[in-house]
Each structure stands twice: as C-alpha cells, then as structure tokens.
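Engineer: Provide a 3D model corresponding to the input given below.
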Amino acid sequence: MPTFERIPFTCTLDCGSRCELVACLRDGVLERIDTPEREDTVQRPRLVPCARGRAHRRMLEVRERVRTPLRRTGPRGSGRFEPISWDEALDEVAQRLAATRENFGPTAVLHATGAGSVSGVGISGASASNRFFSFWDGVSLAAGNESNYNASMAAHWMLGGTVPASDRATVLDSRLILLWGMNPAENRMGPNTEYFVAEARDRGAHVVLIDPRLTDSGVLADEWIPLRPGTDAALIAALVFCLERENAVDQEWMATHTVGYPEYRDYVLGANDGRPKDPAWAAEMTAIPADRIEALAQRYAQTQPTAILAGWGPQRARFGEQVARALITLACVGGNVGVPGGGLASLGIRGGGVRPGYMPRGPHRPKRHFSPGIWADALMDDALDPPIKMAYIVASNIINRTPDARRNVKALHHLDFVVVNEPFMTPTARHADLVLPVSIELERPDLVRSWGHDSHLFEAGQAVEPVGLARSDYAIFSGLAERMGFGEAYSQGRSEQAWVDWLRETSELDQQALANDGIWRVDPEPRVALRAFAKDPVANRLPTPSGRIEIATSAATRYGLPMVPTYLGDDTGGDPSYPLQLLTPHSKLRSNSCLQANPWLRRLEPHRAWINPKDAEPRGISDGDPVWVKSQRGTIALPAYVSERIMPGVICVYQGTWYTPDADGIDRGGCANTLTSQIESPSGGYTTHSTWVQVEKEAR
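Structural biologist: The predicted structure follows:
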C-alpha cells in the first residue's frame with residue numbers, strides 16, 4: 001500500500017507575509033505543495049499562500065541549482081567552475097579567513113548578508129553566518145534596512161521609534177481606506193491585508209488607490225488617483241490646506257498630541273513664502289488635477305475613520321523621509337490616530353510577542369559597518385584602514401539586489417577572494433571564487449517567525465533530502481567553526497533538528513499546536529496603534545523629547561532637511577536625455593531576486609517595461625516590442641507593455657530579475673538595478689524611485 005505524508009513548512013522569503021504550506025509526499029516522493037483546509041473567519045482567516053509559496057517544489061531541481069561546492073577556474077563572471085569536495089572547500093575558506101586576519105586584521109573581511117532567508121532563529125541564512133562571525137572575530141558588515149529605511153527614520157524622529165501598527169482586522173471599522181503606494185494584492189504586506197480591505201469595502205468602505213500605476217490592487221479600489229513618484233508630500237500639503245480652509249482640523253487635539261503643527265500649518269498656508277500649498281499648486285508637481293485633489297480632501301474630511309495604509313515604495317525616493325513624515329502628519333490632522341479603523345501611516349509592521357528562544361552568540365560584534373547602498377564604494381576604497389580584501393556573502397544576491405549592478409560587479413572584482421553561500425548560480429555566485437551549495441526550505445528544518453506580525457510561529461519540517469551535496473548554512477558554518485577552533489561553542493553538538501527541538505522545548509511555546517499543525521497562532525484581539533496615547537497623551541507619553549508626535553523636529557535638520565515635512569523637489573532629474581521616471585516595485589512572482597530561477601513562475605507573467613501610450617507612441621513603440629531602457633548607469637533589454645495602467649512620464653520595471661549582460665554590456669536579464677543609482681536620501685536611505693531613464697525601440 002502507498003504511504004502518504006503531509007509535512008507542514010513555510011517559506012522564509014522576505015515577501016511581505018508568512019503563510020501555511022504543506023509538503024505532500026507519496027512513498028517519500030514530493031508530489032505537490034498544498035495548504036491546510038481550515039475554517040476561514042474574520043477572527044482567524046486562513047494564511048493562504050500565493051504562487052511563490054506554491055512554487056517551492058519546482059525550485060528543487062531547476063537548472064540553476066548549485067549541487068556541489070564549486071571553485072572558479074576562469075575569469076570572474078565567466079561561469080567557469082570546477083566541482084570540489086566539501087573538505088577542500090571548507091579548508092580553503094578557513095585558510096583564507098585566517099590569512100586575511102593575520103595579514104590585514106579581521107575588518108579586512110566583509111560579511112555581506114541580505115534577505116535571502118529571513119525570520120529563522122539561527123539555522124539558516126544571515127542568522128547562521130552572524131552567529132559564526134560572533135565567535136570568530138569582529139569583521140566588517142554590509143547589511144541594513146533596504147526596505148523602509150526612510151520611513152523608519154521618520155518614525156524615530158516623529159514617534160520615538162517603531163510604533164507597532166494597528167492589526168489589519170481593524171480596517172473593518174474603516175469608512176475610507178487609502179492604499180497609498182501599497183499593493184497588497186501582489187506584495188501582501190502582512191497576512192490577509194487584501195482580504196480585510198476587500199471585506200471592509202463589502203461593508204461600505206470607500207477604497208482609493210494612490211499610485212503611479214493601476215496595480216493589481218486596483219481590484220480592491222473604488223478609484224485610482226495616479227500620483228507622480230516622489231511628490232507625495234506635495235499632495236499631502238494640499239490636502240491639509242483644504243482641511244485648514246474648511247476648519248476641519250481639530251486644533252485642540254493637534255495642540256495636545258503633537259508639537260510643531262503651527263510651523264507646518266504656516267508652510268501649508270504660505271505664511272512664510274507667500275505661496276499657499278493649495279490644490280492648484282500641488283497639481284503642478286503631482287500631475288493630479290486640482291479638482292481631484294479637492295474631492296479627495298473633501299472625502300477625507302467628511303469620512304471617519306480613515307485608514308491610511310502606506311506602502312514602502314513612496315519613501316524610496318530622493319527625499320523619502322519627507323514623504324514618510326507627511327503621511328504621519330496627514331493621519332494626525334485627519335483625526336485618525338489611535339482610533340479603530342484609523343491608521344498611523346507609519347511602517348505598518350505589527351510587532352509583538354510570539355518569540356522563540358535564540359541560539360547563543362559569541363562575544364564578537366562587527367567592528368565596521370557599511371550600509372547596503374554604499375558597500376561597493378567601500379570595497380573599492382583602498383584608503384580604508386584596512387581595505388577590504390575578502391568577502392563572505394550569505395543569503396544575498398548582492399550584485400542584483402542593490403543599486404548600480406555594474407558597479408557592484410566591479411567592486412567584487414576588486415577583492416582578493418569572494419565566497420558565496422547560495423542555492424542557485426545567481427549573478428553574485430558567478431562572480432565568486434568559491435560557491436557553497438545551500439539547502440532550501442523543503443530540505444531543512446527550522447522555527448520561523450511571522451513576517452512583520454506577532455501572531456504566528458511556524459515549525460518547518462524537512463520534507464526531502466537536499467539536492468546533490470547541498471547543506472544548510474548551519475551545517476556549513478559548523479564545519480568552518482570546527483576548522484577555526486570553536487566548533488563546540490558554535491554547534492554545541494546539536495544538529496539542525498536538535499536545535500529546533502531545544503528551542504521549542506526551552507521557550508514558552510504551544511508545544512501541542514506546533515507538533516500537531518506546524519504552526520502556533522495567537523491571534524489576539526485586534527490592536528489599535530497608539531490608542532492609549534490618543535486617549536491620554538500625558539499618561540502615555542511617546543519616547544520623543546516632547547512625549548508627543550513631533551511634526552517639527554530638529555532631528556531632521558541634522559541631515560539638512562527642514563524642521564517640518566515640506567515637499568522637496570527631486571534634484572536628481574533634469575537631464576533631457578533621461579526624461580522618464582523609473583519605478584522598480586517588487587514582483588508577485590519573486591521575493592527580491594529569489595525565485596527568479598523558477599521557470600514556472602516566469603511563465604505566469606513576462607518581465608516587461610510598463611509604458612503609457614502617450615510615451616510609447618512618439619517613440620514608435622507598440623505593445624510587445626523589444627525596447628532598451630537606459631539610464632546613466634546602464635541599459636537593459638526587455639519587451640514593452642504599453643498600457644494606460646501607468647501614468648505618462650513614468651516607466652515601471654519590476655525588480656529582481658537577474659543581471660545578465662551580453663558582450664556589448666546590455667543587460668538581457670532586465671535587472672532594474674542595472675539602471676538605479678547609489679545616491680542616498682539625506683539620512684542614508686535608498687532612492688531607487690528617483691531614477692531617470694530613456695526608452696528606445698531596440699535596434700535590430
């Protein structure tokens with residue numbers, strides 16, 4: 001008789017959610033990926049996976065899978081490698097680490113990590129490598145917040161830190177929902193966000209999508225307001241102008257709960273520069289007709305409560321801090337802070353208390369840190385003391401996922417030695433000296449926390465043996481630790497599964513739920529962000545200098561920004577050779593550059609450059625034509641998608657496809673970061689949506 005087995009797991013992608021998956025095996029052979037049949041209620045909706053989660057079985061045997069340790073035999077980037085044994089590979093890595101430390105010091109080693117395997121407790125990805133180097137020595141680290149840096153800075157300036165957002169279920173109390181640069185139909189941004197928005201709309205809420213594109217989330221919306229990228233603060237200033245004109249701002253609440261609003265109001269009313277920030281003024285910057293701004297302001301003033309659900313795309317701009325600050329300010333003036341169905345419009349992450357234990361770390365911490373946007377400059381800076389000589393890259397296709405891919409390649413070529421832990425032959429792996437094959441989710445056990453949410457903990461079981469000679473990051477670093485003399489401290493004699501068992505048994509977790517279902521769900525009553533503060537700001541002070549929401553803050557001036565969230569025009573444009581503004585959103589078929597190797601996902605939707613007919617026609621471009629998208633940093637080739645779903649003057653290329661230059665240097669993989677710049681925002685955040693490009697029909 002055939003045997004059937006169902007093994008719960010979850011993917012560790014940095015995708016915007018975390019869902020229930022089940023590996024279905026017949027006689028030990030993986031047949032399909034499923035999701036449990038559970039009751040689906042408002043109080044406890046199912047955690048239903050998207051195509052990315054369902055596609056994991058197809059990732060096991062893709063052509064790009066690395067099956068054995070590889071040593072480079074040709075020039076970097078040539079793709080020429082020879083297979084070697086694990087002993088050879090680990091011996092060489094250990095020798096290179098020791099020699100680099102002896103000759104230059106430990107900070108000559110760069111440890112570069114990313115979001116290739118997130119939310120585990122120390123067995124996979126950066127968690128495993130961070131533990132290794134904590135026992136070895138204080139290295140240089142290239143890691144940081146690439147997703148919401150500018151919004152995070154705004155939260156610290158205005159709120160005193162990252163304030164947990166309202167739970168998504170609270171939008172069921174909303175009468176108006178603003179999807180401000182948020183695309184939950186594709187990027188989830190928390191479990192079941194799209195479900196709750198749709199349910200709220202069915203209950204009578206009006207949903208507005210404010211975005212340069214009519215994204216797939218348009219199906220959730222009643223109207224679409226196209227907004228020119230980076231001009232969000234101008235639109236918000238005009239909305240506040242209208243609220244002030246109609247005496248719709250609760251001045252007493254603003255006086256007791258915020259500081260600096262009079263200064264912002266003066267800016268909006270034009271008291272200092274003589275130019276009121278009315279809808280006619282904002283229309284010039286935003287490309288939104290003044291009457292539509294008036295109508296939105298009227299609806300916002302008259303509809304309570306309003307949830308402002310802000311995505312992270314708008315703040316990835318030259319002055320993204322101002323965008324994020326203005327969004328928080330808009331929530332305040334609309335009376336939507338601390339009320340059910342309202343929204344703070346900050347990071348949107350709902351942190352909390354389902355916390356397993358952690359594997360112990362050693363005594364060392366990184367001695368030098370480089371932000372992910374400027375790591376390439378650091379690698380090529382020979383004036384550093386000491387200069388970077390070796391890079392160990394884990395859970396990061398770093399060439400691909402940070403701006404200016406061509407410069408990133410040049411930076412890696414500047415080093416003496418590069419080692420990469422990677423399941424697939426990514427662009428970064430192709431430019432390494434050693435590639436160590438890593439197992440993926442189905443091939444390893446782990447405990448996995450929820451993405452941006454505190455209600456779920458997953459115990460992911462190992463369903464199949466690793467492909468080829470692949471090993472987990474934990475096993476790789478255990479082998480290295482043995483060679484470096486701290487093997488017992490690192491592993492404590494435990495396998496991956498033994499660590500999972502130990503962490504589960506020594507933490508205050510629901511053992512029965514994890515054992516039965518592979519998931520522990522707490523699902524508390526829906527929480528409302530800053531509810532206590534809104535009721536009594538004196539008794540529930542925020543951790544800001546004033547204890548209140550700081551609309552005006554001197555912290556911003558330290559970075560050359562105004563005291564208040566004024567609109568600042570993009571100073572990176574103006575070159576007539578590059579007249580179109582580029583958007584590089586996340587794809588529903590990838591997570592950063594993860595899953596690009598999956599042919600099944602690639603077939604679901606072709607990789608194309610979105611362009612409005614008004615921009616396509618004068619360039620002689622028709623739908624499906626091969627085009628070149630060019631910036632000052634490079635050229636990519638891909639088909640055109642001519643559509644009214646994107647506003648004129650804006651081009652969209654989804655990020656995450658792999659950098660693949662041809663002999664002429666044209667990136668045939670269509671990697672968006674071939675085009676983007678390493679210019680940072682004033683406080684040091686990404687500015688990928690302040691990239692200017694030209695589009696041409698490809699010469700044949």
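Engineer: packing partners for the lowest-mean-pLDDT helix or strand in the chain?
Structural biologist: Of all helical and strand segments in the chain, the minimum by mean pLDDT, DSSP states H and E falls on helix 511-517, at a mean of 86. In terms of contact count using 3 or more C-beta pairs under 8 Å, 6 or more residues apart in numbering; DSSP states H and E, helix 511-517 is assigned the packing partners strand 456-460, helix 496-506, strand 519-521. The way it works is simple: take the backbone N, C-alpha and C, and place the C-beta from them, glycine included.
Engineer: Let me know which of those is the nearest to Arg38.
Structural biologist: strand 519-521 (9.8 Å; C-beta to C-beta).
Engineer: hang on, the earlier thing: most tightly surrounded among the helices and strands packed on helix 511-517?
Structural biologist: Comparing these by mean neighbour count (mean count of other C-beta atoms under 10 Å), strand 456-460 ranks first with a mean of 25.
Engineer: quick one: that one to helix 496-506, angle?
Structural biologist: Counting by axes from the mean of the first three to the mean of the last three C-alpha atoms, to 10 degrees, strand 456-460 lies at 150 degrees to helix 496-506.
Engineer: what about the spatially most central residue of the chain, which helix or strand?
Structural biologist: The centroid of the chain falls nearest to Ser147 when counting by C-alpha atoms, centre = their mean (3.8 Å). Take DSSP states H and E as the rule and Ser147 turns out to sit in neither a helix nor a strand.
Engineer: Please tell me how far the closest residue in space to it that isn't next to it in sequence sits from Ile519.
Structural biologist: Distance criterion C-beta to C-beta, 6 or more residues apart in numbering; nearest residue to Ser147, sequence neighbours excluded, is Trp312 at 5.7 Å. Per C-beta to C-beta, to the nearest Å, Trp312 is found 26 Å from Ile519.
Engineer: tell me which residues in the strand or helix carrying Thr428 are buried?
Structural biologist: Using DSSP H and E, Thr428 sits in helix 427-430. By 16 or more other C-beta atoms under 10 Å, the buried positions in helix 427-430 come out as Pro427, Thr428, Ala429, Arg430.
Engineer: quick one: the host helix or strand of Ala326 to chain centroid distance?
Structural biologist: Secondary structure assignment for Ala326, by DSSP H and E: helix 320-333. The chain centre lies 20 Å from the centre of helix 320-333; the measure is C-alpha atoms, centre = their mean, to the nearest Å.
Engineer: Kindly export that helix (C-alpha atoms) in PDB.
Structural biologist: In PDB, the C-alpha atoms belonging to helix 320-333 read as follows (Å, rounded to 0.1, in the frame of the first residue of the first chain):
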ATOM      1  CA  GLY A 320      11.800  59.800   1.100                       C
ATOM      2  CA  GLU A 321      12.000  61.000   4.700                       C
ATOM      3  CA  GLN A 322       9.600  63.900   3.800                       C
ATOM      4  CA  VAL A 323       7.100  61.500   2.200                       C
ATOM      5  CA  ALA A 324       7.000  59.300   5.400                       C
ATOM      6  CA  ARG A 325       6.800  62.300   7.700                       C
ATOM      7  CA  ALA A 326       4.000  63.900   5.700                       C
ATOM      8  CA  LEU A 327       2.000  60.600   5.800                       C
ATOM      9  CA  ILE A 328       2.100  60.600   9.600                       C
ATOM     10  CA  THR A 329       1.100  64.200   9.700                       C
ATOM     11  CA  LEU A 330      -1.900  63.600   7.400                       C
ATOM     12  CA  ALA A 331      -3.100  60.800   9.800                       C
ATOM     13  CA  CYS A 332      -2.900  63.300  12.700                       C
ATOM     14  CA  VAL A 333      -4.700  66.200  11.100                       C
END
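Engineer: picking that back up, the helix holding Thr428: what's the following helix or strand?
Structural biologist: In N-to-C order, the element after helix 427-430 by DSSP H and E is strand 434-437.
Engineer: And Leu47, what's its pLDDT?
Structural biologist: pLDDT recorded at Leu47 is 88.
Engineer: er, Val42 actually
Structural biologist: pLDDT, Val42: 81.
Engineer: what secondary structure does it sit in?
Structural biologist: At Val42 the chain is in coil, as set by DSSP: H, G, I helix; E, B strand; the rest coil.
Engineer: residues contacting the nearest residue to Ile349 once chain neighbours are set aside?
Structural biologist: Computed as C-beta to C-beta, 6+ apart, the closest residue to Ile349 that is not its neighbour in sequence is Gly452, at 4.2 Å. For Gly452, the contact set (C-beta atoms under 8 Å, 6 or more residues apart in numbering) comprises Gly16, Met189, Gly190, Gly348, Ile349, Arg350, Gly351.
Engineer: next one: Leu514
Structural biologist: Leu514 touches Leu457, Glu459, Arg504, Trp520, counting by C-beta under 8 Å, 6+ apart.
Engineer: Which pLDDT value belongs to the residue lying closest to Thr258 once chain neighbours are set aside?
Structural biologist: Nearest residue to Thr258, sequence neighbours excluded (C-beta to C-beta, 6+ apart): Ile549, at 4.5 Å. Note for Ile549: predicted pLDDT of 97.
Engineer: ok, back up a step: just flag the most distant two among the contacts of Gly452.
Structural biologist: Most distant of the contacts of Gly452, by C-beta to C-beta, are Gly16 and Gly351, 15.3 Å apart.
Engineer: Have a look at these two and say which one is more surrounded.
Structural biologist: Taking other C-beta atoms under 10 Å, Gly16 and Gly351 do not tie; Gly16 has more neighbours (24 against 14).
Engineer: mind checking which helix or strand that one is in?
Structural biologist: Using DSSP H and E, no helix or strand contains Gly16.
Engineer: which intervals of the stretch 101-250 of the chain have sub-threshold pLDDT?
Structural biologist: Counting by pLDDT under 70, the stretch 101-250 of the chain has low-confidence residues at 119.
Engineer: And for the stretch 451-600 of the chain?
Structural biologist: Across the stretch 451-600 of the chain, the ranges flagged by pLDDT under 70 are 453-454.
Engineer: what about the strands in it?
Structural biologist: 456-460, 519-521, 549-550, 580-583 (DSSP state E, counting those that start in this stretch).
Engineer: any chance of these in TSV, with distance to Trp281 too?
Structural biologist: Listed next are the strands of the stretch 451-600 of the chain as TSV, based on distance: least, C-beta to C-beta, whole Å:
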stretch	distance to Trp281
strand 456-460	46
strand 519-521	49
strand 549-550	25
strand 580-583	20
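Engineer: Quick one, which of these gets closest to Lys389.
Structural biologist: strand 580-583 (34.7 Å).
Engineer: residues of that closest one that come out buried?
Structural biologist: Leu580, Gln581, Leu582, Leu583.
Engineer: was I right about the first one contacting Gly649?
Structural biologist: Read that as Leu580. Yes: using C-beta atoms under 8 Å, Leu580 is in contact with Gly649, at 6.1 Å.
Engineer: where do the contact lists of these two overlap?
Structural biologist: Asp615.
Engineer: Can you measure across stretch 567-574, start residue to end residue?
Structural biologist: Using C-alpha to C-alpha, to the nearest Å, the end-to-end distance of stretch 567-574 comes out at 18 Å.
Engineer: Mind listing what's buried along it?
Structural biologist: Tyr567, Leu568, Asp570, Thr572, Gly573.
Engineer: Kindly report the same for stretch 464-473.
Structural biologist: Val464, Pro466, Val467, Ala470, Arg471, Ser472, Asp473.
Engineer: Can you give the contact residues for it?
Structural biologist: With C-beta under 8 Å, 6+ apart as the criterion, stretch 464-473 contacts 23, 25, 30, 60-61, 65-69, 86, 117, 123-125, 128-129, 394-395, 421, 423, 436-439, 442-444, 496.
Engineer: out of those, which are buried?
Structural biologist: Applying 16+ other C-beta under 10 Å to the contacts of stretch 464-473 flags 23, 25, 30, 60, 65-66, 68-69, 86, 117, 123-125, 128-129, 394-395, 421, 423, 436-439, 442-444, 496 as buried.
Engineer: picking up where we left off before, return the subset of the contacts of stretch 464-473 lying in strands.
Structural biologist: Ala23, Leu25, Leu30, Val394, Asn421, Leu436, Pro437 (DSSP state E).
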